[in-house]
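S.K.: Give me a 3D structure for the following:
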Amino acid sequence: MDLERNHVQTEVPAIPITVLEEALFEGARGILSHIRPLWKPEDIEFKLFTDGITNKLVGCFHGEVTDTVLIRIYGNKTDLLIDRTAETRNIKLLHSRGFAPSLYATFNNGLAYEFVPGATLTPTSVKDDQIWPLIAQRMAEMHRVDCGKGVPRTPVLRTKFHQFLALIPEKFSNDKIHNRVKDQFLPPSKLKKEAQELCDYLEKLNNPVVFAHNDLLLGNVIYTETEQRVTFIDYEYAAYNYQAFDIGNHFNEFVGIDEIDYSIYPSRDFQMKWLRVYLETFSHPQTISQSDLNRLYVQVNKFALASHLFWTVWSLIQAEHSTIDFDFVQYAEIRYEEYLRTKNEFLELSIED
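M.R.: The predicted structure follows:
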């Protein structure tokens with residue numbers, strides 16, 4: 001598979017099947033009967049990937065054939081958070097530009113798409129000198145994508161905050177969860193005020209608006225060592241947004257998910273090296289000045305605050321609706337506490353520092 005060439009995405013079939021959580025493999029078999037009708041059922045093997053905290057992902061393998069199919073089943077109520085029509089459009093667009101795997105089909109509650117060989121990143125590999133420049137360059141290339149006139153070039157940050165905050169209940173349906181969140185996060189108006197004030201501040205920074213991934217966690221970057229290439233996957237939240245949000249959000253993810261360690265948040269020295277590689281691609285052929293680097297460094301860390309707050313809100317919604325075995329309340333607490341811990345430090349950063 002060559003993601004570096006432009007591809008024409010043929011019409012993607014919409015299969016009228018709903019895959020049930022209690023019968024994932026059976027549902028996957030039904031999807032394959034439409035998109036891989038020549039695969040013999042007795043030769044198909046399935047693997048459930050368990051590292052995601054939003055959706056269920058099933059790998060479908062057929063004998064010695066390298067044409068592995070991934071089937072992603074949307075998490076419960078995630079349609080409240082994600083515009084699935086826009087997601088499909090984004091994947092097709094980015095595949096045509098060489099950024100995303102091929103989309104094979106949609107079905108009532110998920111997608112079937114191409115498997116990208118390689119390894120997802122870890123808090124160690126994301127800082128590897130062979131890998132991080134590839135990510136910086138790839139993100140810069142994606143940020144230069146023009147989606148055309150049909151997609152408004154309006155940053156999605158404030159809109160998504162508004163949409164997500166409206167989904168936090170005043171009273172959580174699970175009493176144990178409600179008791180855990182009520183003192184720190186309720187009523188939702190507390191978080192709404194925080195988000196509004198932060199957006200008011202960040203919008204004045206005049207950071208460029210680009211086509212952003214918006215969820216570039218370590219599991220959404222595939223490193224193919226044999227080809228020295230990285231591929232971004234899972235474009236559920238892709239949309240026009242602030243450049244510094246996408247980068248700051250990625251830096252926040254360096255610390256991991258299962259065992260979060262903010263002591264390994266990337267240092268200023270590392271960030272400056274990363275941002276130079278990024279700007280040399282994004283701003284080419286313009287020469288990059290130290291002032292350009294300083295400005296983006298400051299903006300990235302300020303927007304990292306928005307990332308913390310955004311995923312705090314997201315986690316609280318998941319705590320109400322998700323059926324995945326993950327402590328979303330704890331994750332919300334961790335992200336919000338880091339937001340509060342770094343808020344003054346990052347907001348006080350200036351280009352002259």
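
S.K.: contacting residues for the closest residue to residue 104 other than its chain neighbours?
M.R.: Take residue 104 and drop its neighbours on the chain: the residue closest to it by Cβ to Cβ, 6 or more residues apart in numbering is residue 112, 4.4 Å away. To be clear about C-beta, it is placed using only N, CA and C from the backbone, and glycine gets the same treatment. By Cβ atoms under 8 Å, 6 or more residues apart in numbering, residue 112 lies in contact with 31, 35, 69-72, 103-106.

S.K.: Look up how far residue 103 lies from the residue most central in space within the chain.
M.R.: With distances taken as Cα atoms, centre = their mean, the residue of the chain nearest its centroid is residue 215 (1.8 Å). Going from residue 215 to residue 103 by Cβ to Cβ, to the nearest Å gives 17 Å.

S.K.: Check residue 86 too.
M.R.: As it turns out, when the distance is counted by Cβ to Cβ, residue 86 lies 13 Å from residue 103.

S.K.: Residue 329: which of the contacts of residue 112 is nearest?
M.R.: Looking at the contacts of residue 112 and their distance to residue 329, the nearest is residue 72, at 24.7 Å (Cβ to Cβ).

S.K.: so residue 120 makes contact with residue 221?
M.R.: Yes: the pair formed by residue 120 and residue 221 meets the contact definition of Cβ atoms under 8 Å, at 6.7 Å.

S.K.: Tell me which of the two has more neighbours.
M.R.: Looking at residue 120 and residue 221 with other Cβ atoms under 10 Å, you find the greater number of neighbours at residue 221, namely 26 against 17.

S.K.: neighbours around the closest residue to the more buried one other than its chain neighbours, how many?
M.R.: Nearest residue to residue 221, sequence neighbours excluded (Cβ to Cβ, 6+ apart): residue 121, at 4.9 Å. For residue 121, the tally of surrounding residues (other Cβ under 10 Å) stands at 24.

S.K.: ditto for the one 5 residues further on
M.R.: Applying other Cβ under 10 Å, we find 23 residues neighbouring residue 126.

S.K.: Name the SS class of it, please.
M.R.: Following DSSP: H, G, I helix; E, B strand; the rest coil, the label given to residue 126 is helix.

S.K.: Quick check: it vs residue 70, distance?
M.R.: The separation that residue 126 has from residue 70, given Cβ to Cβ, amounts to 22 Å.

S.K.: Tell me the buried residues in stretch 28-41?
M.R.: Judged by neighbour count (16 or more other Cβ atoms under 10 Å), stretch 28-41 contains these buried residues: 28-32, 35-36, 39.

S.K.: Quick one: end-to-end length of that stretch, please.
M.R.: For stretch 28-41, the first-to-last residue distance is 11 Å (Cα to Cα, to the nearest Å).

S.K.: Which helix or strand contains residue 58?
M.R.: strand 56-62 (DSSP states H and E).

S.K.: The nearest residue to residue 102 once chain neighbours are set aside bridge partners, please.
M.R.: Of all residues not flanking residue 102 in the chain, residue 114 sits nearest, at 4.2 Å (Cβ to Cβ, 6+ apart). With DSSP bridges as the criterion, residue 114 is bridged to residue 69.

S.K.: how many neighbours does residue 114 have?
M.R.: A count of neighbours around residue 114, defined by other Cβ under 10 Å, yields 17.

S.K.: Next, the contact list for it, please.
M.R.: Residues in contact with residue 114 (Cβ under 8 Å, 6+ apart) are 1, 69-70, 101-104.

S.K.: Specify which member of these is nearest to residue 232.
M.R.: residue 101 (9.7 Å).

S.K.: gap between the residue nearest to that closest one when sequence neighbours are not counted and residue 91?
M.R.: Closest residue in space to residue 101, ignoring its immediate chain neighbours: residue 114 at 3.8 Å, by Cβ to Cβ, 6+ apart. The gap separating residue 114 from residue 91 is 10 Å, by Cβ to Cβ.

S.K.: Could you pull up the contacting residues of the residue nearest to residue 125 when sequence neighbours are not counted?
M.R.: Spatial nearest neighbour of residue 125, excluding adjacent residues (Cβ to Cβ, 6+ apart): residue 131 at 5.8 Å. Contact criterion Cβ under 8 Å, 6+ apart gives 121, 125, 223, 230 as the residues in contact with residue 131.
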